[in-house]
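Asker: Based on what follows, work out the 3D shape:
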Amino acid sequence: MPLHIRDATAEDEHQIIALWHSCGLVAPHNDPGADFRFAVAGPASTVLVALADDRIVASAMVGHDGHRGWLYYVACAPGRRHERLGSRIVAAGEEWLRFQGVAKVQLMIRPANAAVVPFYQQLGYEDMPRVLMSKWLNG
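Answerer: Just a heads-up that it's a prediction; the model follows:
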């Protein structure tokens, strides 16, 4: 299947957010529009999109802190699963990070989305035992 992967533009925002919603990736405490605009505007981040027939069929938000890279909002159109779109958009995110000089990529999986763990394992990702802590600064 012909697939074109590129950086997202402002015009892609609504279609990408709809994809994220259709994949169950949006949490009530996150504003996906703000997340999208922040990533697209940042020098150390982007949102990659995969297009087939001029439609966005997959996406991945990619960013780094200069040492570690992160993948967020990895999404594949539900009706297009099992076409290797997910592995291709993850590979594009990894390549984007390599080009930035980042040697390590990480991602977090919410317990409600644990069914994707085998997908990431087949791509070479491993569980990374760590204590993850957070603090809300707004509220």
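Asker: any chance you could map the strands in the chain?
Answerer: Assigned by DSSP state E, the strands in the chain fall at 4-7, 45-52, 55-64, 68-76, 104-107.
Asker: Strand 68-76 and the second one, what's the angle between them?
Answerer: Per axes from the mean of the first three to the mean of the last three Cα atoms, to 10 degrees, the angle that strand 45-52 makes with strand 68-76 is 30 degrees.
Asker: how many degrees apart are strand 45-52 and strand 55-64 in direction?
Answerer: 160 degrees.
Asker: Columns distance to residue 82, mean pLDDT and mean neighbour count on top of the strands of the chain, output as TSV?
Answerer: For every residue, glycine as well, the C-beta is placed using N, CA and C. Formatted as TSV, the strands of the chain follow (distance: least, Cβ to Cβ, whole Å; pLDDT from 0 to 100; neighbours: other Cβ atoms under 10 Å):
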stretch	distance to residue 82	mean pLDDT	mean neighbour count
strand 4-7	18	96	14
strand 45-52	14	97	20
strand 55-64	12	96	23
strand 68-76	9	96	21
strand 104-107	21	96	14
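Asker: For residue 25, which of those is the nearest?
Answerer: Among those, strand 68-76 comes nearest to residue 25, with 5.4 Å by Cβ to Cβ.
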